[in-house]
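Enquirer: Mind folding the following:
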Amino acid sequence: MAHGADPYADIDFDEITENTGLAPDEIKCLKVCFDLFDTKKVEFLSADDLGEIMRAMGFRPTEEELADLLHEVDEDGSGEIEFGEFCQLCATFLVEDPPLEEMKKELKDAFRIYDTEGQGFITTETLRGLIGE
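Expert: You can find the predicted model right below:
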């Protein structure tokens, strides 16, 4: 870039891709998002920022859920979310769902296990037992 520094220069794309499975284009997009939330330009996000991000994504986490999420994501225990940690968090939401046909097959296979007489249905008693497990 002739008019400024490369905003992606400090990113270790190989390491982030290895840890998250994200493609370089996805990582660049996440960097733009990260920078939008990093309003103080300190290269990390706080627990408060994490709550704001989750709410912006349509989630309504409790304070306890936010604390758990921060603990899970904050690998170095700093109480702050650096860009690599942010990518790991986002990757959990960006992972593609399995193909619909594969899901249907798995559900049918699971259903057949409990439809022991092959009648095409399970009893409410069986369903209650499954829910109770």
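Enquirer: use CA for all of it now, contacts and neighbours both
Expert: Noted.
Enquirer: Find the helix or strand that the residue lying farthest from the centre of the chain is a member of.
Expert: Going by C-alpha atoms, centre = their mean, the residue of the chain most distant from its centre is Glu117, 39.9 Å out. When elements are assigned from DSSP states H and E, Glu117 belongs to no helix and no strand.
Enquirer: and Trp9, how far is that from Lys28?
Expert: Wrong residue type there; residue 9 is Ala, not Trp. Relative to Lys28, Ala9 is positioned 11 Å away (C-alpha to C-alpha, to the nearest Å).
Enquirer: pLDDT weak spots in the chain?
Expert: For the chain, applying pLDDT under 70 flags the ranges 1-4, 95-98, 133.
Enquirer: could you redo the last one with a cut-off of 80?
Expert: Scanning the chain for pLDDT under 80 picks out 1-5, 47, 57-58, 92-104, 106-107, 109-111, 114-116, 121-124, 126-133.
Enquirer: more neighbours, Ala9 and Lys28?
Expert: Ranked by neighbour count (other C-alpha atoms under 10 Å), Ala9 and Lys28 place Lys28 first, with 16 against 8.
Enquirer: what's the closest non-adjacent residue to Thr126?
Expert: Tyr114 (7.6 Å; C-alpha to C-alpha, 6 or more residues apart in numbering).
Enquirer: Give the buried residues for stretch 40-47.
Expert: Phe44, Leu45, Ser46, Ala47 (16 or more other C-alpha atoms under 10 Å).
Enquirer: cool, and stretch 87-105?
Expert: Cys87, Gln88, Leu89, Cys90, Ala91.
Enquirer: Can you tell me the centre-most residue of the chain?
Expert: Thr92 (2.1 Å).
Enquirer: about what we covered before: I'd like to know which of the buried residues of stretch 87-105 are part of helices.
Expert: Cys87, Gln88, Leu89, Cys90, Ala91 (DSSP state H).
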